[in-house]
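**Student:** pasting a predicted model and its sequence here:
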Amino acid sequence: MRRLKADFHTHAADDPRDTLRHSSEMLIDAASEEGIEVLSITCHERSVYTESLSRYAERRGILLLPGIEAMIENCHVLIINPAPEHIRARTFAELRAIGRRDAAFIAPHPFYPTPNSLMRQLKLNIDLFDAIEWCSLYMGPLNPNVLAARAARRYGLPMVGTSDTHELPYRCTTCTWIEAEPTIAGIVEAIRKGRVELETRSWSPLPAARFALYAARGIVSDLVGI
């Protein structure tokens, strides 16, 4: 078992819902330069994991995890190592019926003020989740992760730190240290058992403002359907 630096929530150009400039390979290169050893590219509603991409990541010193940011009843749910049935699911009831299988379920940015955050659905479906995300996108006291940390304590779930990267340069301000065997199954087991440690620091004002503008454009696009 090793102590590994991980990021479970990132996006790249294959994402069907976001217009991004960087390829999965570019993201892997950037994460490697920041010392990331375990990475999941969790595009919206699409798994971009392939064996060739996994081998590319391995050459850069990274264990690549299959992952997806699923849309479940209009809420985002991170699924690490999803089964095909998980990818096709559209309701919490369907996920519950399918079961975890060999996957880990993470609640991403549950209390961020966006249309696809879990909000009250986290409490209603807490039995589905193995961990709650502490998202890197905060600045000082402007930090919705405080509510996520409160929920994690209340329900006895671990917190994992992620970057939720949507653009380069890759900013490794928040990540997870995980005690695990360096395999997909080993990482999933470690998340489920809570062998994780959060590392985080606040964004500085300029990149935070840039991402806030990017996110606002995305929210408007979602609302008006363009």
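**Tutor:** Perfect, thanks for sending it.
**Student:** so what's Arg96 up against?
**Tutor:** By Cβ atoms under 8 Å, 6 or more residues apart in numbering, the contact list for Arg96 reads Asn125, Asp127, Leu128. Quick note: C-beta positions are derived from backbone N, CA and C, even for glycine.
**Student:** from Asn125, how far out is it?
**Tutor:** Using Cβ to Cβ, to the nearest Å, Arg96 is found at 8 Å from Asn125.
**Student:** before we move on, back to that, dump the contacts of Arg96 to CSV, plus neighbour count, distance to Thr114 and secondary structure.
**Tutor:** Shown next, in CSV, are the contacts of Arg96 (neighbours: other Cβ atoms under 10 Å; distance: Cβ to Cβ, whole Å; DSSP: H, G, I helix; E, B strand; the rest coil):
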residue, neighbour count, distance to Thr114, secondary structure
Asn125, 20, 18, coil
Asp127, 9, 24, helix
Leu128, 17, 20, helix
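**Student:** how far does stretch 97-111 sit from its chain's centre?
**Tutor:** Its chain's C-alpha centre and that of stretch 97-111 lie 11 Å apart, by Cα atoms, centre = their mean, to the nearest Å.
**Student:** strands of the chain, start to end?
**Tutor:** For the chain, applying DSSP state E gives strands covering 2-10, 38-41, 63-65, 67-72, 75-80, 104-107, 131-135, 159-162, 174-180, 196-200.
**Student:** with mean pLDDT, mean neighbour count and distance to Ala149 added, can I get the ones you listed in JSON lines?
**Tutor:** Shown next, in JSON lines, are the strands of the chain (pLDDT from 0 to 100; neighbours: other Cβ atoms under 10 Å; distance: least, Cβ to Cβ, whole Å):
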{"stretch": "strand 2-10", "mean pLDDT": "98", "mean neighbour count": "22", "distance to Ala149": "17"}
{"stretch": "strand 38-41", "mean pLDDT": "98", "mean neighbour count": "27", "distance to Ala149": "22"}
{"stretch": "strand 63-65", "mean pLDDT": "98", "mean neighbour count": "23", "distance to Ala149": "24"}
{"stretch": "strand 67-72", "mean pLDDT": "98", "mean neighbour count": "22", "distance to Ala149": "21"}
{"stretch": "strand 75-80", "mean pLDDT": "98", "mean neighbour count": "25", "distance to Ala149": "17"}
{"stretch": "strand 104-107", "mean pLDDT": "98", "mean neighbour count": "26", "distance to Ala149": "12"}
{"stretch": "strand 131-135", "mean pLDDT": "98", "mean neighbour count": "24", "distance to Ala149": "7"}
{"stretch": "strand 159-162", "mean pLDDT": "98", "mean neighbour count": "26", "distance to Ala149": "6"}
{"stretch": "strand 174-180", "mean pLDDT": "98", "mean neighbour count": "23", "distance to Ala149": "13"}
{"stretch": "strand 196-200", "mean pLDDT": "98", "mean neighbour count": "17", "distance to Ala149": "9"}
